[in-house]
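# Take this sequence and fold it.
(one chain, ligands or ions: 4)
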Amino acid sequence: MTNLQDQLHRPLRDLRISVTDRCNFRCRYCMPAEVFGPDYAFLPSDKILSFDEIERLVKIFVSLGVKKIRITGGEPLLRRDLPELIARIHRIKGVEDIALTTNGSLLKKYAHSLAQAGLARVSVSLDSLDDERFIEMNGHRGKVLPVLEGIEKAAEAGLQVKINMVVQKGKNEQDIVTMAQFFKEKQHILRFIEYMDVGNSNGWRLDDVVSKKEIIEQIHQFTPLQPVAPNYKGEVATRYQYQDAQGEIGVISSVTDSFCSNCSRARLSAEGSLYTCLFATEGTDLRELLRSGQDDAAIIKCITNVWETRNDRYSDERNEQTMAKRKTSKIEMSHIGG
Ligand SMILES: Nc1nc2c(ncn2[C@@H]2O[C@H](COP(=O)(O)OP(=O)(O)OP(=O)(O)O)[C@@H](O)[C@H]2O)c(=O)[nH]1
Ligand SMILES: C[S@@+](CC[C@H](N)C(=O)[O-])C[C@H]1O[C@@H](n2cnc3c(N)ncnc32)[C@H](O)[C@@H]1O
Ligand code: SF4
Ligand code: SF4
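Ligands and ions are numbered 1, 2, ... in the order given. Model prediction:
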């Protein structure tokens with residue numbers, strides 16, 4: 001196995017695979033309905049990587065040091081036969097962890113078959129327990145109950161469950177403590193995500209971000225917290241344990257306390273482009289290599305070159321100039337995979 005290092009000496013360890021650019025939700029911070037409307041040109045099916053193509057690429061990435069696979073999107077549970085893909089990835093020697101990020105709306109239906117196929121962990125996005133606020137945030141596409149039922153089914157099926165909540169000022173900051181309390185009782189790890197300037201469509205403003213510090217202070221008042229060490233180098237979330245030892249939360253603070261120095265994540269979009277940053281403006285087309293009959297050595301050479309020349313650290317460098325430079329050219333998050 002090769003151990004690649006980029007320009008900042010970061011290894012390649014994780015591959016996040018987007019299996020579709022489509023979604024049944026229209027969260028305003030990701031796919032606002034006025035941009036992703038009925039006429040939006042999503043990828044046609046022949047442009048999307050097949051399971052055979054994804055499987056081949058995963059084997060290649062594993063030979064280059066990848067150990068963790070995360071399936072994402074768009075909404076990954078919209079991809080037909082997803083458990084079959086999970087099963088194929090599960091069989092690949094060297095894959096140590098397979099996780100899925102989902103909005104949870106279809107999880108009740110698929111949790112059991114996903115677990116049977118070898119999925120170990122699921123991160124379910126849920127921004128509020130209040131129907132009115134949740135519906136407002138997801139563009140009037142889904143209620144809270146089906147997501148909670150999906151979470152329950154996933155836990156019953158033996159999947160390790162985490163909950164992701166994007167916190168946006170004026171939208172759901174009043175839900176921070178309620179969510180913490182609810183998932184403390186349910187014994188699921190809740191991670192708060194600072195609202196990020198991904199893509200070009202969400203009209204992001206720094207004033208709309210609720211910082212890690214504010215989030216922690218709010219929760220600490222209801223149940224005291226203490227910081228805990230990361231589970232592994234490069235963990236995206238900063239961990240905090242409840243002082244009564246009943247569970248933990250995490251905060252993903254890409255805006256106020258970025259974590260690029262440990263970023264070991266490559267991203268594969270649904271149409272087979274490779275990206276090395278969530279805030280990238282361009283990718284490298286691997287689909288063309290696959291479909292033009294190149295052998296593994298040629299694909300390995302291409303990926304090696306991309307990783308070894310990589311020097312992304314967008315969140316570390318975020319300021320007015322860097323934001324202005326990429327104002328209209330970032331790839332949308334639903335496309336690159338969250
Ligand atoms: N800025 C930035 N945000 C990231 C990165 N990776 C993940 N995130 C954000 O963190 C959110 C939660 O990530 P998950 O998909 O749940 O995965 P994870 O945090 O890697 O999960 P674990 O494997 O359980 O540690 C993502 O949806 C993104 O919003 C990254 O490299 N950069
Ligand atoms: C793009 S979604 C893809 C997977 C799935 N549809 C879901 O929502 O979990 C992955 C994650 O990105 C998060 N996300 C999307 N836009 C974001 C933004 N502007 N800031 C922070 N997190 C965001 C979502 O909340 C979700 O947890
Ligand atoms: S965050 Fe996930 S559920 Fe919401 S619009 Fe984006 S891809 Fe869909
Ligand atoms: S901003 Fe880019 S380089 Fe920094 S942690 Fe996120 S994906 Fe990695």
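# Spell out which parts of the stretch 51-200 of the chain neighbour ligand 3.
Applying the criterion C-beta under 6 Å from any ligand atom, the portion of the stretch 51-200 of the chain that neighbours ligand 3 consists of Gly73, Gly74, Glu75, Asn103, Ser125. Placement of C-beta: from N, CA and C, glycine included.
# wait, the last one sits on Ser105?
No - assessed by C-beta atoms under 8 Å, Ser125 is found out of contact with Ser105, at 9.7 Å.
# sorry, back to before: closest one to ligand 3 out of the residues of the stretch 51-200 of the chain next to ligand 3, please.
Asn103 (3.6 Å; C-beta to the nearest ligand atom).
# what comes into contact with stretch 299-310?
The set of residues external to stretch 299-310 that reach it, using C-beta atoms under 8 Å, 6 or more residues apart in numbering, is 2, 4-8, 10, 12, 57, 60-61, 63-64, 266, 274, 276, 284, 286, 289-290.
# Filter these down to the buried ones and hand me the PyMOL line.
One line in PyMOL is enough to select the buried ones among these; burial here means 16 or more other C-beta atoms under 10 Å:
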select buried, resi 4+6+10+12+57+60+61+64+266+274+276+284+286+289+290
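# near ligand 4, from the contacts of stretch 299-310?
Taking C-beta under 6 Å from any ligand atom as the test, ligand 4 is in contact with none of these.
# Okay, and which of the contacts of stretch 299-310 map to helices?
Secondary structure assignment by DSSP state H places Leu57, Ile60, Phe61, Ser63, Leu286, Leu289, Leu290 of those in helices.
# Could you pull up the residues touching the second one?
The one in question is Ile60. Asp296, Ile299, Ile300, Ile303.
# which SSE is the last one in?
Ile303 is part of helix 296-309, with elements assigned from DSSP states H and E.
# Now do that helix: distance to the chain's middle.
The chain centroid and the centroid of helix 296-309 are separated by 24 Å, computed with C-alpha atoms, centre = their mean, to the nearest Å.
# Stretch 106-120 too?
Centroid displacement of stretch 106-120 relative to its chain, using C-alpha atoms, centre = their mean, is 18 Å.
# That one close to ligand 2?
No - counting by C-beta under 6 Å from any ligand atom, ligand 2 is not contacted by stretch 106-120; separation bottoms out at 10.2 Å.
# Put the alpha carbons of the helix-or-strand element of the chain with minimal mean pLDDT into CSV.
For the chain, the helix or strand with the lowest mean confidence is helix 320-325, at a mean of 80 (criterion: mean pLDDT, DSSP states H and E). Extracted in CSV, the C-alpha atoms of helix 320-325 (Å, rounded to 0.1, in the frame of the first residue of the first chain):
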residue,chain,number,x,y,z
GLU,A,320,-12.9,38.6,2.7
GLN,A,321,-10.4,38.2,-0.1
THR,A,322,-10.5,34.4,-0.3
MET,A,323,-14.3,34.5,-0.2
ALA,A,324,-14.5,37.1,-2.9
LYS,A,325,-12.2,35.2,-5.1
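# so which strand or helix has the residue nearest to Trp204 when sequence neighbours are not counted?
If the residues on either side of it in the chain are set aside, Trp204 comes closest to Asp197, at 4.0 Å by C-beta to C-beta, 6 or more residues apart in numbering. No secondary structure element spans Asp197, as it lies outside all helices and strands (assigned by DSSP H and E).
# Can you list the low-confidence ranges for this structure?
Where the chain drops to pLDDT under 70, the residues are 1.
# Just give the strands next to the biggest strand by length in it in its sheet, each with its orientation.
Looking across the chain with DSSP state E, the single longest strand is strand 160-167. Strands that pair with strand 160-167, judged by DSSP bridges, come out as strand 121-125 (parallel), strand 189-194 (parallel).
# How about the residues of this protein by ligand 2?
So the chain meets ligand 2 at 23, 29-30, 72-73, 75, 101-103, 125, 164, 166, 193, 195-196, 198, 202, 333-334, 338 (C-beta under 6 Å from any ligand atom).
# change it to 5 Å
By the rule C-beta under 5 Å from any ligand atom, the part of the chain lying against ligand 2 is 29-30, 72-73, 75, 101, 103, 125, 164, 166, 193, 195-196, 198, 333, 338.
# For Pro146, state which of those is nearest.
The closest of these to Pro146 turns out to be Asn103 (C-beta to C-beta; 9.8 Å).
# ok, the residue lying farthest from the centre of the chain to Ile299 distance?
Taking C-alpha atoms, centre = their mean, the residue of the chain most remote from its mean C-alpha position is Gly293, at 30.6 Å. Distance from Gly293 to Ile299, counting by C-beta to C-beta, to the nearest Å: 11 Å.
# give me the number of residues near the residue nearest to Phe183 when sequence neighbours are not counted?
Residue nearest to Phe183 in three dimensions, not counting chain neighbours: Leu190, with 4.2 Å by C-beta to C-beta, 6+ apart. For Leu190, the count of nearby residues is 23 (other C-beta atoms under 10 Å).
# What residues does Pro315 make contact with?
Just to correct that, residue 315 is Ser rather than Pro. Residues in contact with Ser315, defined by C-beta under 8 Å, 6+ apart, are Ser254, Val255, Ser258, Phe259, Cys260, Phe279.
# Of those residues, which pair is most distant in space?
Pairwise distances across the contacts of Ser315 peak at 13.3 Å for Phe259 and Phe279 (criterion: C-beta to C-beta).
# Name the residue of the stretch 51-200 of the chain with the shortest distance to ligand 1.
Taking C-beta to the nearest ligand atom, ligand 1 has its nearest neighbour within the stretch 51-200 of the chain at Ser123, 3.4 Å off.
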